[in-house]
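1. Sharing a model that was predicted from the sequence below.
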Amino acid sequence: MADRQFTKEQIKVILKEVDASPDINEVCLRHDVSEATLYEWLAEYRPAENRPAETGKSKFDLRQFMQEVFNGGITRRELLYAGATGITGFAAGNLFAMVGKVRLPDVLHSKIEVEDASRYKQSTEEFGDYLYLTPQKLGGGTHVVDFKQGITLASISYWNYGDSCPISHHLSAYPSSNPRKGFEFVNSTQGGKNVTMYNIPTEIEERGLLDTWGQGNHIYRVEFDGTRMELKEDIAKTTGIGLGVHITIFPDANGFAAADGQKDVCAFFDRVSGDNKTSVLKAFRADWIGRENDRNLKDNWRKGGKLRIVELNKALETGKFDLQGTKGNKIEWEMAPMAENYVSSGLIPGSSPKSLTGLDAVVHHPGNRYSALIIRMLSCAVIVDKETWEPVACLHNPEGSPDNLKVVKLHENPNTWEIEFDDVKCVGHEAGFSPDGKFFTMMNNIEQNNMAVYDTSDADPRNWKKITYVKDPEWVGEFPSPFHLCFSMDGTKMFVSVMNEKPAKSGCCVVDTKTWKIIKKFKNIGVDCQTMAVSYDGKYVFQIFSGFQRQESGAFVFTQDDSLRALGYLPNFGGHHDCVIIPTKKEHLKNSRSTTL
């Protein structure tokens, strides 16, 4: 890192930031200075009596001091002030470099390795014989990149099919033994007022483009025939259910699930091919009945209440559901990252915000029998048995909350279940199962920033229990916070994207699944890090970043093996919120957009 030149006044301002910031490394990156330089500034500009209290040891013991450093007993801030005070007899800059870059598992207790991703350039690595599928968000379509040839192999634009506001959101692909000769994927799109949430000046609403054909919530089934992509079916039109968020293929590849947190609806669909039409296997709506829903809006959730799950049925007259476009929306636009507080603060308008649960995803246990409905406003996962289509358990993730809440069936016609919550300590976000199905994890956000980890090895989900939490001292408040996740092919590592508030760059971290401790961080990857993909040969991780539809975008690549070596960047079309490497075997779905988000 090449330090810039600063005036005395600028240096004093930066030193004040060091006092106030929870992360000294972030201060260094923000001003492009090294920690060794901060040490020199402290020694020069800060009299010892004005610095925070030091260790208080009368005699300095280097070995003991280093042991405390690497054990976490001394923070980087304390080390910085200690070095400036002169208690060490060696160059502080060398120790900072060692703490920041070197893993010392054989010397002392290993610490988290932190790497600045922004120093890497475009990768020239060959990533294998894979096709990489990404949606284009506001670009209105999806494209597939051939890693072997280094070209965009094909693309589709939903504008061409009469969709006047296609926000290509999330997707998942079915396995294909030879993807270059053909594969099929399912792609959700948003629309309506979601196009207005990015503070981009637009007259799209005034020009009538958000009416019938711009309401979004389409579910497109697309086929690549080896040459081009073709739209085979708008599943929302076929079935009457329009959902615009996560798509997850079943682990047996015989269907998929989709969900939408504006409607609190999820549905399970069968798999068809060619010109055949998709059918709904089962659909559910979630509603929240707050115990304190007549008081302030935040207490509507925090003071507890009941989660009601209702099975939805088709209209007898039409043979379809009545949930196309914006029909059924409880709020006018989706909850962006950490926007659950906007709902509880009344900042997102809508017809029924008090009943909102934020059901915007489904993930599947690798064994295929059970699926988890992800409920953001309550930080919970309702487990559905796909053999009986009955909710059987509810995993409640916040620290201090019961592990597993009882599901009570109220009545039939329609089938209705309720789950009682004493309180809701925090909101949640994405979730997933490990490839072997032995663990489930879900993010807690804002009030609690951690990841609950469940032992799911028992055959009965009612016996699934929390065993630990993945934590990071930097995860405080709304940002930075854990956001999306996936696992290495061998399941020994979990990769977690970490969201920072815009316009700051986000990053990702690597978790050892034996200890559930963070072992490495990649910081400053790019703005708005979202979902990830892994290559099925066990070699690479692809961390996309979308730039909030307006800024930088691409994919950062590093290795899955124990070296966790950074390889650099790949360019990609802006706005993508998802990425999938086309699986060539069913077993690849355990590490694809099926079991994790």
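-> Everything's here; your move.

2. tell me the pLDDT at residue 61?
-> Confidence at residue 61, expressed as pLDDT, is 53.

3. Please apply the same query to residue 337.
-> Reading off the model, residue 337 has pLDDT 75.

4. Need the three-state assignment for it.
-> Residue 337 falls in the coil class when you classify it by DSSP: H, G, I helix; E, B strand; the rest coil.

5. That one contacts residue 483, doesn't it?
-> Yes - if you go by C-beta atoms under 8 Å, residue 337 and residue 483 touch, sitting 6.5 Å apart. Just so you know, the C-beta spots here come from the backbone N, C-alpha and C atoms, and that holds for glycine as well.

6. Who has more neighbours out of those two?
-> Per other C-beta atoms under 10 Å, whichever of residue 337 and residue 483 has more neighbours is residue 483, with 24 against 20.

7. follow-up on the earlier one: tell me, what's touching residue 337 and residue 483 both at once?
-> 429, 499 (C-beta atoms under 8 Å, 6 or more residues apart in numbering).

8. Buried residues, stretch 15-33. List them.
-> 18, 23, 24, 25, 26, 27, 28, 29, 31, 33 (16 or more other C-beta atoms under 10 Å).

9. And stretch 455-474, by the same measure?
-> So, applying 16+ other C-beta under 10 Å, buried residues of stretch 455-474: 456, 461, 464, 466, 468, 469, 470, 471, 472, 474.

10. same deal with stretch 560-572?
-> Buried-residue list, stretch 560-572, by 16+ other C-beta under 10 Å: 560, 564, 566, 567, 568, 569, 570, 572.

11. So which of those sits lowest on pLDDT?
-> Among the buried residues of stretch 560-572, residue 572 carries the lowest pLDDT, at 84.

12. which SS state does that residue fall under?
-> coil.

13. next one: residue 483
-> Counting by three-state DSSP, the backbone at residue 483 sits in strand.

14. nearest residue to it other than its sequence neighbours?
-> Spatial nearest neighbour of residue 483, chain neighbours left out: residue 499 (4.2 Å); criterion: C-beta to C-beta, 6 or more residues apart in numbering.

15. re earlier: from the buried residues of stretch 560-572, which two are the most distant?
-> Spanning the widest gap among those are 564 and 572, at 21.8 Å by C-beta to C-beta.

16. how many other residues sit next to residue 207?
-> Using other C-beta under 10 Å: residue 207 sits among 11 other residues.

17. my read: residue 523 touches residue 113, true?
-> No - Residue 523 is not in contact with residue 113 according to C-beta under 8 Å; the separation is 11.0 Å.

18. Just the local confidence number for residue 472, please.
-> 96.

19. ok, it touching residue 518?
-> Yes - Residue 472 is within contact range of residue 518, at 5.8 Å (criterion: C-beta under 8 Å).

20. and for the two, which residues touch both?
-> In terms of C-beta under 8 Å, 6+ apart, residue 472 and residue 518 are both contacted by the residues residue 509.

21. what are the ranges of the helices in the stretch 301-450 of the chain?
-> Assigned by DSSP state H, counting those that start in this stretch, the helices in the stretch 301-450 of the chain fall at 340-344.

22. again but with the chain, I slipped
-> Remark: helices assigned in the chain by DSSP state H are 8-20, 24-31, 35-45, 62-71, 76-85, 92-101, 235-239, 299-302, 340-344.

23. Would you single out the least confident of the ones you listed?
-> Among these, helix 92-101 scores lowest, with a mean of 43.

24. before we move on, the earlier item: save the buried residues of stretch 455-474 as a markdown table, and put in distance to residue 235 too.
-> A markdown table is the format used below for the buried residues of stretch 455-474 (distance: C-beta to C-beta, whole Å):
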| residue | distance to residue 235 |
| --- | --- |
| 456 | 30 |
| 461 | 28 |
| 464 | 32 |
| 466 | 36 |
| 468 | 39 |
| 469 | 38 |
| 470 | 35 |
| 471 | 40 |
| 472 | 39 |
| 474 | 41 |
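
25. Tell me which two of these sit farthest apart.
-> Maximum pairwise distance in the buried residues of stretch 455-474, criterion C-beta to C-beta, is 32.5 Å, between 461 and 474.

26. residues contacting the closest residue to residue 155 other than its chain neighbours?
-> In this structure, residue 155 finds its nearest non-sequential neighbour in residue 143, 3.7 Å apart by C-beta to C-beta, 6+ apart. Each residue near residue 143 by C-beta under 8 Å, 6+ apart is listed here: 133, 134, 136, 152, 154, 155, 156, 573.

27. and if you look at residue 219?
-> 186-189, 234-236, 241-243, 247, 258, 269.

28. Same check on residue 6?
-> Residue 6 neighbours (C-beta under 8 Å, 6+ apart): 14, 31, 33.

29. How about the residue sitting nearest the centre point of the chain: which residues does it bridge to?
-> Nearest residue to the geometric centre of the chain (C-alpha atoms, centre = their mean): residue 484, 2.0 Å. Counting by DSSP bridges, residue 484 forms beta bridges with residue 497.

30. Assess the claim that it and residue 494 are in contact.
-> No - look at residue 484 against residue 494 with C-beta under 8 Å: they stay out of range, at 11.0 Å.

31. wait, doesn't residue 410 sit right on residue 391?
-> No - Residue 410 lies out of contact with residue 391 (C-beta under 8 Å); the separation is 11.6 Å.

32. which residues are in contact with both of those two?
-> In contact with both residue 410 and residue 391: residue 417, using C-beta under 8 Å, 6+ apart.

33. who's more crowded, those two?
-> Neighbour totals were compared for residue 410 and residue 391, and residue 391 leads with 24 against 11 (other C-beta under 10 Å).

34. Could you check the pLDDT of that one?
-> Note for residue 391: predicted pLDDT of 98.

35. Identify the spatial nearest neighbour of residue 577, chain neighbours not counted.
-> residue 530 (4.9 Å).

36. low-scoring stretches of the chain, by residue?
-> 1-4, 22-23, 25, 35-36, 39, 46-110, 575 (pLDDT under 70).

37. change it to 50
-> Along the chain, the model assigns pLDDT under 50 to residues 1-2, 48-49, 51-60, 62-63, 69-73, 87-110.

38. would you list every one of the strands in the stretch 451-597 of the chain?
-> 465-470, 481-487, 493-499, 506-512, 517-526, 529-534, 540-545, 554-559, 566-570, 580-581 (DSSP state E, counting those that start in this stretch).

39. In JSON lines: these, plus distance to residue 298.
-> JSON lines is the format used below for these (distance: least, C-beta to C-beta, whole Å):
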{"stretch": "strand 465-470", "distance to residue 298": "24"}
{"stretch": "strand 481-487", "distance to residue 298": "19"}
{"stretch": "strand 493-499", "distance to residue 298": "22"}
{"stretch": "strand 506-512", "distance to residue 298": "27"}
{"stretch": "strand 517-526", "distance to residue 298": "31"}
{"stretch": "strand 529-534", "distance to residue 298": "28"}
{"stretch": "strand 540-545", "distance to residue 298": "31"}
{"stretch": "strand 554-559", "distance to residue 298": "36"}
{"stretch": "strand 566-570", "distance to residue 298": "41"}
{"stretch": "strand 580-581", "distance to residue 298": "37"}
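
40. Nearest to residue 43, out of the ones you listed?
-> Going by C-beta to C-beta, the one of those nearest residue 43 is strand 517-526, 26.6 Å.

41. So what touches the closest one?
-> 25-26, 29, 110, 112-118, 470, 472, 493, 498, 505-512, 543, 545, 547, 552-554, 556, 558, 564, 566.

42. what lines up beside it in the sheet?
-> According to DSSP bridges, strand 517-526 forms sheet pairs with strand 113-116 (parallel), strand 506-512 (antiparallel).

43. tell me the domain boundaries of the protein?
-> 8-111, 131-591 (automatic domain parsing).

44. Just name the most buried of the ones you listed.
-> For these, the largest average neighbour count (mean count of other C-beta atoms under 10 Å) is found in domain 131-591, namely a mean of 20.
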